[in-house]
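Asker: Provided below are the primary sequence and the corresponding predicted coordinates.
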Amino acid sequence: MSLVFPHTFVPLFRAVAPYIHMYRGKTFVVAVAGEAIAAGKLNTLVQDLAILHAMGIKLVLVHGFRPQVNEQLAAKGHVSRFHNGVRVTDAVALDAAQEAAGQLRFEIEAAFSQGLPNTPMANATVRVVSGNFLTARPVGIVDGVDFMSSGLVRRVDHLAMRRAIDTGALVLLSPFGFSPTGEAFNLTMEEVATSAAVALQADKLLFLTELPGIHENGDDPESPIDTELALADARRLLQRMPPPTLPSEPAFYLQHCVKACEGGVERSHILPFAADGAILLEVFTHDGIGTMVVDEKLESLREATADDVGGILQLIEPFERDGTLVRRERTEIERDIAMYTVIEHDGIIFACAALYPYPERRTAEMAALTVSPLSQGQGDGERILKRVEQRARAMGLESIFVLTTRTMHWFIKRGFAQVDPDWLPDARKKKYNWDRRSQVLVKKLS
């Protein structure tokens, strides 16, 4: 018997809710390496995709099959041949690829058909559609190597795919394409997924791979994982890396993420299949897991607008409820919205602060400084503080002050000094709540 703990479940579920609203009706292309299926990850992957499907996300699933083809070739006594990370597909390899693709499609369709009680698949109805959505052409002869039946994507029938996913079906793509004359070509999963995502103008392209993500120093496995890469930074990182020859090399997947973003896909991701629930963690948590490549930084530090009132209220309400902040009515925030600075991430307000000037004293109050628990400890408070200080300087002010009952040490570490409440400007002193006994801290602006 499993236990449900309301004190942890309810806040977590509420934290996920904004992402559920945000992604309903969006299109995700999910590319899963054949190594993930060989490692026994298919059932949990299908369960997680079924959850996304139930939340109204439109899905295209592309499967790889490198280890499965290698296994087929080994059983036939045939040696696998690769050049620059691309398989050389002779007649025997083409036959092995067709067998592997057929078997994997059967397993994937069977997994989506399961409906066992007490599992995420209970009451799930996911219809899987596959077909000849890809037109291909031969790779040809490159560097003197004849790739034979290895191919490249020439065209994606995105209209047919869009019709299928708009009816609620999941589109399943194998890395195979056909020429107008009916020839079959073995494609790479990465190129198929990237081409499909660009053709559909998908909202996300997610690679589920053997990599943990992209390290900050590229090929240095000791450096931290870079959770978010701007497209320009990803390009520069690729230039420092040697051309990839194996799928296990970071540049192998990074090059496809860059190509997808350049083609209009908003976000592309490299996720480790070794992490349980990697796709759910990436989609429904603030920092995700693995690496995300975006055309520009998703996090926006800016002045608030009237459209942000609801997000600010949702952010500060828990802190008002526990007494950390003084309660503010919606009408008050609407009236003062031009005084607020916010940090927005993916359409959600994660931090805010207001600046109320007292020009007669050449000072201003910073009020309602709030950082979401989901992003605390990541520097959002400092970023808001710096922006508020910049706004105060632009007004010609010499200091800012705060009133706090619980966070005095945070402000002292950032250059504030405690003063007596009598220091306050007369207009603010009249509104000071002596019962609350807030501490007054001032920071001089250099």
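Answerer: Structure's in. What do you need?
Asker: stretch 227-241 - what's its average pLDDT?
Answerer: In this model, stretch 227-241 has a mean pLDDT of 86.
Asker: restrict that stretch to CA atoms and write it as PDB.
Answerer: Taking C-alpha atoms only, stretch 227-241 is exported to PDB below (Å, rounded to 0.1, in the frame of the first residue of the first chain):
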ATOM      1  CA  THR A 227      21.500  23.100 -18.100                       C
ATOM      2  CA  GLU A 228      20.800  25.900 -20.600                       C
ATOM      3  CA  LEU A 229      22.800  27.000 -23.600                       C
ATOM      4  CA  ALA A 230      22.000  30.000 -25.700                       C
ATOM      5  CA  LEU A 231      22.200  29.100 -29.400                       C
ATOM      6  CA  ALA A 232      25.200  31.400 -29.900                       C
ATOM      7  CA  ASP A 233      27.000  29.800 -27.000                       C
ATOM      8  CA  ALA A 234      26.200  26.300 -28.400                       C
ATOM      9  CA  ARG A 235      27.700  27.300 -31.700                       C
ATOM     10  CA  ARG A 236      30.800  28.500 -30.100                       C
ATOM     11  CA  LEU A 237      31.100  25.300 -28.000                       C
ATOM     12  CA  LEU A 238      30.700  23.200 -31.200                       C
ATOM     13  CA  GLN A 239      33.500  25.100 -32.900                       C
ATOM     14  CA  ARG A 240      35.900  24.200 -30.000                       C
ATOM     15  CA  MET A 241      35.000  20.500 -30.200                       C
END
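Asker: how far does it sit from the chain's center?
Answerer: Its chain's C-alpha centre and that of stretch 227-241 lie 16 Å apart, by CA atoms, centre = their mean, to the nearest Å.
Asker: residue numbering should commence at 162 henceforth.
Answerer: Yes, from this point I'll number from 162; that puts the last item at stretch 388-402.
Asker: for that stretch, buried residues please.
Answerer: Residues of stretch 388-402 classed as buried by neighbour count (16 or more other CB atoms under 10 Å): 388-390, 392, 395-396, 398-399, 402. In short, each C-beta sits where N, CA and C put it, glycine included.
Asker: which of those residues fall within helices?
Answerer: 392, 395-396, 398-399 (DSSP state H).
Asker: who touches stretch 570-577?
Answerer: By CB atoms under 8 Å, 6 or more residues apart in numbering, the surrounding residues in contact with stretch 570-577 are 542-543, 546, 562-563, 565, 579, 602-605.
Asker: and those residues, which of them are buried?
Answerer: 542, 546, 562-563, 565, 602-604.
Asker: which positions within the longest helix seen in the chain qualify as buried?
Answerer: In the chain, taking DSSP H as the definition, the longest helix is helix 252-274. Buried positions in helix 252-274, judged by neighbour count with 16+ other CB under 10 Å: 254-262, 265-266, 268-270, 272-273.
Asker: return the mean pLDDT over that helix, rounded to an integer.
Answerer: Helix 252-274 comes out at a mean pLDDT of 92.
Asker: circling back to that earlier point, which of the contacts of stretch 570-577 lies closest to Ile302?
Answerer: Nearest to Ile302 among those is Glu543, at 56.5 Å by CB to CB.
Asker: for that closest one, list the residues it contacts.
Answerer: Residues counted as contacts of Glu543 (CB under 8 Å, 6+ apart) are Arg575.
Asker: after the helix or strand where Leu462 lies, next one along is what?
Answerer: For Leu462, the element it lies in under DSSP states H and E is strand 460-464. With elements assigned by DSSP H and E, the helix or strand that comes after strand 460-464 is helix 470-482.
Asker: next secondary structure after that following helix?
Answerer: Sequence-wise, the next helix or strand downstream of helix 470-482 (DSSP H and E) is helix 491-497.
Asker: for the nearest residue to His319 once chain neighbours are set aside, which residues are in contact?
Answerer: Leaving out its chain neighbours, the residue that sits closest to His319 by CB to CB, 6 or more residues apart in numbering is Ala360, at 3.9 Å. Contact analysis of Ala360 by CB under 8 Å, 6+ apart lists 317, 319, 322.
Asker: lovely, talk soon.
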